[in-house]
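next one to model:
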Amino acid sequence: MHPDEQVKAYLWDIRDAAREIAGFVRGVSFDKFEKNKVLRYAVERQLKLIGDVADHIPPKFRKNHPEIDWTQLTRLHHMIEHQYGETLTKRLWLAATEGLPEILKPLEKLL
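Residues are numbered from 1 along each chain as shown. Below you'll find the model as predicted:
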């Protein structure tokens, strides 16, 4: 696969995962999210995928597109791997409900 096509595929993967998360948490309160283990695991999985994929975006592309917070995206994987319990639940919620919508806007423009 041509490098430009690979980057585009990565961007689509990030966008699709972010859309999945948005659908998962739409109309859900934090209390419901906190109590629903399956929902938390689904959000966690998609956030981890976003972090993993973002880490594969070439540095030159990242530099040319500073409108996306690449550091925040790549840190998702590490946040999930090194946080546990209540702290992880709160961070997952904040990433899903506040962080990702802000990232999706400029990402949509790239695609």
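
scan this protein for its longest helix.
Taking DSSP state H as the criterion, the chain has its longest helix at helix 3-25.

list the buried residues of that helix.
7, 10, 11, 13, 14, 15, 17, 18, 20, 21, 24, 25 (16 or more other CB atoms under 10 Å). C-beta coordinates here come from the backbone N, C-alpha and C atoms, glycine included.

which residues touch residue 61?
Applying CB atoms under 8 Å, 6 or more residues apart in numbering to residue 61 gives the contacts residue 7.

show me where pLDDT drops low in the chain?
Applying pLDDT under 70 to the chain flags residues 1-3, 83-85.

the helices in it, which residues?
3-25, 30-35, 37-54, 59-64, 70-82, 85-94, 100-110.

pick the most buried one from the ones you listed.
With neighbours defined as mean count of other CB atoms under 10 Å, those peak in mean count at helix 37-54, which reaches a mean of 19.

what packs against it?
helix 3-25, helix 30-35, helix 70-82, helix 85-94 (3 or more CB pairs under 8 Å, 6 or more residues apart in numbering; DSSP states H and E).

how about JSON lines for those, with distance to residue 50 added?
What follows is these, written out as JSON lines (distance: least, CB to CB, whole Å):
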{"stretch": "helix 3-25", "distance to residue 50": "5"}
{"stretch": "helix 30-35", "distance to residue 50": "18"}
{"stretch": "helix 70-82", "distance to residue 50": "6"}
{"stretch": "helix 85-94", "distance to residue 50": "12"}
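
the ones you listed: which one's closest to residue 60?
helix 3-25 (9.7 Å; CB to CB).

C-alpha coordinates for that closest one, CSV please?
Presented in CSV, the C-alpha positions along helix 3-25 are these (Å, rounded to 0.1, in the frame of the first residue of the first chain):
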residue,chain,number,x,y,z
PRO,A,3,2.3,5.5,2.2
ASP,A,4,-0.4,8.2,1.5
GLU,A,5,-3.1,5.5,1.2
GLN,A,6,-1.9,4.0,4.5
VAL,A,7,-2.1,7.3,6.3
LYS,A,8,-5.6,7.8,4.9
ALA,A,9,-6.6,4.3,6.1
TYR,A,10,-5.3,5.1,9.6
LEU,A,11,-7.3,8.4,9.6
TRP,A,12,-10.4,6.5,8.6
ASP,A,13,-9.8,3.9,11.4
ILE,A,14,-9.4,6.7,14.0
ARG,A,15,-12.6,8.5,12.7
ASP,A,16,-14.6,5.2,12.7
ALA,A,17,-13.5,4.4,16.3
ALA,A,18,-14.3,7.9,17.5
ARG,A,19,-17.7,7.7,15.9
GLU,A,20,-18.3,4.3,17.5
ILE,A,21,-17.5,5.8,20.9
ALA,A,22,-19.8,8.8,20.3
GLY,A,23,-22.6,6.3,19.5
PHE,A,24,-21.8,4.3,22.6
VAL,A,25,-22.0,7.3,25.0
